[in-house]
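Next input, structure requested:
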Amino acid sequence: MQTETHTHETPTAPARLRLMALSLLRAAVPPLAAVGAALAVEPYLDADGRARIAYLVLVGLLAMWAADNVLVRATEDTYRQAYGRVHGPRSWSCQSCGRRIAAHEWTPYDAAAFEIHLADPRAHGCAHS
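Numbering: from 1, shown residues only. Modelled structure (predicted):
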């Protein structure tokens, strides 16, 4: 089963700037949260040597995970919208039956899911398997 992808170019400068800002925000905030949490906890630790470093690393990792999780959830819709505008509306179709999926807002993860769905004849009801 083969699938086909159609891209319709409509990138705009504001969408590119929004996508770049969101990407930078998503990349910069979690490490900053990790450092901030480690600095905030450090004076209260009652451990020395390797134990102190291990606690700081653990606190930093937990803060980074939490910040990343909250940030991704808070910006997912805006990120999808900006990514879709930069890369244009796109559609995927099955070459055998012509079934088509179109999206204005999408991410690379969505594209992979659509391609997998259309590649499986039983998943989308393709009679030409």
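
Can you point out the buried residues in stretch 120-129?
Neighbour-count burial for stretch 120-129 flags Pro121, His124, Cys126 (criterion: 16 or more other C-beta atoms under 10 Å). The C-beta positions use only the backbone N, C-alpha and C, and glycine is treated the same way.

likewise stretch 50-59?
So for stretch 50-59, counting by 16+ other C-beta under 10 Å, buried means Tyr55, Leu56, Val59.

Then stretch 107-121?
Quick answer for stretch 107-121 (16+ other C-beta under 10 Å): Asp110, Ala111, Phe114, Leu118, Pro121.

re earlier: can you list which of the buried residues of stretch 120-129 are found in strands?
Per DSSP state E, strands hold no members of the buried residues of stretch 120-129.

Throw the buried residues of stretch 107-121 into JSON lines and include pLDDT and distance to Gly49, thanks.
Shown next, in JSON lines, are those (pLDDT from 0 to 100; distance: C-beta to C-beta, whole Å):
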{"residue": "Asp110", "pLDDT": "86", "distance to Gly49": "47"}
{"residue": "Ala111", "pLDDT": "86", "distance to Gly49": "49"}
{"residue": "Phe114", "pLDDT": "88", "distance to Gly49": "52"}
{"residue": "Leu118", "pLDDT": "83", "distance to Gly49": "56"}
{"residue": "Pro121", "pLDDT": "82", "distance to Gly49": "61"}
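
Sweet, I'm off.
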